[in-house]
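# Need a 3D model of the following:
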Amino acid sequence: MVCQIKTVAQSSTKPTVRILLSGDTGSNASAVTTLLGLGLSNLSIRVMPGQPTPPATSAPQITPFYMHGKQVIVDGVQAFVGSENLTNTSLIQNRELGTLFTDPAMIARLQSVFTSDFTTSGNSLAAQTYAGTAPVPWPAVP
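From the prediction side, this is the model:
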């Protein structure tokens, strides 16, 4: 995937490439480090905070959003949403589910949610601040 992202980002049209990852796993860390190391000015990577560790008490806890679904929108004409990770286990061994959308209204809605998660303060952090070795913490929940 890193090679494909690099190829697209370096293509003659120089499209904006935005990647939003879940911060609950360190498995993305090496790919993020590799992509950031390419120095592509049209590539922006952000990380959503992962699930918080439950407190030792049994008191109810307000939990933030947790991103599990995966979505790909490349051209604004088609969008893919599914449960697959881009790993051999997920793509070959597991039974995952995904849907391809072509309805312009649905694609616009998917893009709107992605843009909100990508740009709204507190929804995600720049990947440069993410070490990938532990869950990214959420701000304190009142």
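# Hmm, Ile5 is touching Ile19, no?
Yes - between Ile5 and Ile19 there is a contact at 7.4 Å, judged by C-beta atoms under 8 Å. Every C-beta, even on glycine, is put in place using the N, C-alpha and C of the backbone.
# Now the common contact residues for those two.
Taking C-beta atoms under 8 Å, 6 or more residues apart in numbering as the contact rule, Ile5 and Ile19 both touch 35, 43.
# Just the helices from the chain, written as ranges.
2-9, 29-37, 88, 104-119 (DSSP state H).
# contacting residues around the closest residue to Gln71 other than its chain neighbours?
Distances taken as C-beta to C-beta, 6 or more residues apart in numbering place Val81 nearest to Gln71, at 4.7 Å, with adjacent residues excluded. Contacts for Val81 (C-beta under 8 Å, 6+ apart) come out as 69-71, 98-99, 101, 110.
# Where in this protein is the helix or strand with the lowest mean pLDDT?
helix 88 (a mean of 75; mean pLDDT, DSSP states H and E).
# Distance from the chain centre to that helix, please.
From the chain centre to the centre of helix 88 is a distance of 18 Å (C-alpha atoms, centre = their mean, to the nearest Å).
# try stretch 11-20
Per C-alpha atoms, centre = their mean, the centroid offset for stretch 11-20 relative to its chain is 15 Å.
# same check, this time on stretch 90-102
Distance, centroid of stretch 90-102 to centroid of chain: 16 Å (C-alpha atoms, centre = their mean).
# Please apply the same query to stretch 83-101.
With C-alpha atoms, centre = their mean, you get 15 Å for stretch 83-101.
# hmm, who's touching that stretch?
Outside stretch 83-101, the residues touching it (C-beta under 8 Å, 6+ apart) are 1, 27, 68-70, 78-82, 107, 110.
# could you redo those as a markdown table and give each row distance to Ala126 and pLDDT?
Below are those laid out as a markdown table (distance: C-beta to C-beta, whole Å; pLDDT from 0 to 100):
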| residue | distance to Ala126 | pLDDT |
| --- | --- | --- |
| Met1 | 20 | 73 |
| Ser27 | 19 | 61 |
| His68 | 22 | 71 |
| Gly69 | 22 | 77 |
| Lys70 | 20 | 82 |
| Gln78 | 28 | 90 |
| Ala79 | 24 | 91 |
| Phe80 | 25 | 90 |
| Val81 | 24 | 91 |
| Gly82 | 26 | 88 |
| Ile107 | 26 | 94 |
| Leu110 | 22 | 93 |
